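> No sequence on hand, only this structure:
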C-alpha cells in the first residue's frame with residue numbers, strides 16, 4: 001500500500017461495519033499491555049458496528065475514513081467538546097484509529113490534517129489519550145496539541161487508567 005493511494009472521505013452509515021472492524025483491531029493493537037487482555041478479547045465488532053451506525057447519523061459529529069483499494073484503513077471523528085469546562089463551539093477529537101497494518105504509513109497524519117482543515121482557525125480542539133500511550137502523545141504533539149494539565153481516571157475493563165487531555169487552538 002502506497003500512501004498516495006489512500007483516499008479520505010466523509011463516512012456514512014454504510015461504513016459502520018468497516019469502522020467497527022478497524023476500531024476493534026486498533027484497540028487490540030494499541031492498548032495491549034495497557035488495557036486488560038480479557039477486555040480487549042471481549043470487544044464485539046457487531047456491537048461496535050451497531051453503535052457506529054447510530055453515531056454516523058448524528059449531524060453535529062463528523063467522521064472521516066481513510067481507504068485504499070476498497071479497504072478501510074482508519075477513521076477519525078470530530079464533534080462538540082463534551083467536557084464540563086468546554087465553551088460553546090469548542091470541538092473534541094473523539095477518536096482517531098487505524099488498522100495496525102496501516103501504522104507508520106502517514107494515514108493518521110492525513111486523517112488529522114483533513115479534519116483539522118475543517119476547524120475554523122482559533123477554535124479550540126481537545127482530545128483524551130491514555131497516559132500510558134507515548135506513541136499517541138508524540139503523534140498529537142506533532143499536530144499542535146499539548147497536555148493542558150487536566151487528567152481523569154477511567155475504568156476500562158476493570159483497570160483504573162489515567163487519561164490526559166490535550167488541546168490546541
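Okay, I see it. As the structure is a computational prediction, the values presented were derived from the model and not from experiment.

> only C-alpha atoms for contact and neighbour calcs from this point on.
OK.

> what's around residue 90, how many residues?
Residue 90 is flanked by 19 other residues according to other Cα atoms under 10 Å.

> Tell me the spacing between it and residue 140.
Residue 90 sits 18 Å away from residue 140, taking Cα to Cα, to the nearest Å as the criterion.

> From the contact counts, what lies against the longest helix seen in the chain?
Across the chain, the longest stretch assigned as helix under DSSP state H is helix 16-30. Counting contacts by 3 or more Cα pairs under 8 Å, 6 or more residues apart in numbering; DSSP states H and E, helix 16-30 packs against helix 37-42, helix 45-55, strand 71-80, strand 91-98.

> distance between that helix and the chain's centre?
Centre-to-centre, helix 16-30 and its host chain are 10 Å apart (Cα atoms, centre = their mean, to the nearest Å).

> which residues touch it?
40-41, 43-46, 48-50, 52-53, 56, 65, 72-75, 97-100 (Cα atoms under 8 Å, 6 or more residues apart in numbering).

> and the angle from that helix to strand 91-98?
Helix 16-30 and strand 91-98 are oriented at 80 degrees to each other (axes from the mean of the first three to the mean of the last three Cα atoms, to 10 degrees).

> sorry, back to before: pipe the helices and strands packed on helix 16-30 into JSON lines and attach mean pLDDT, distance to residue 21 and mean neighbour count per row.
Below are the helices and strands packed on helix 16-30 laid out as JSON lines (pLDDT from 0 to 100; distance: least, Cα to Cα, whole Å; neighbours: other Cα atoms under 10 Å):
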{"stretch": "helix 37-42", "mean pLDDT": "97", "distance to residue 21": "13", "mean neighbour count": "12"}
{"stretch": "helix 45-55", "mean pLDDT": "96", "distance to residue 21": "6", "mean neighbour count": "16"}
{"stretch": "strand 71-80", "mean pLDDT": "97", "distance to residue 21": "9", "mean neighbour count": "22"}
{"stretch": "strand 91-98", "mean pLDDT": "97", "distance to residue 21": "10", "mean neighbour count": "22"}
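
> Pipe these into JSON lines and attach distance to residue 19 per row.
Formatted as JSON lines, the helices and strands packed on helix 16-30 follow (distance: least, Cα to Cα, whole Å):
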{"stretch": "helix 37-42", "distance to residue 19": "17"}
{"stretch": "helix 45-55", "distance to residue 19": "7"}
{"stretch": "strand 71-80", "distance to residue 19": "7"}
{"stretch": "strand 91-98", "distance to residue 19": "9"}
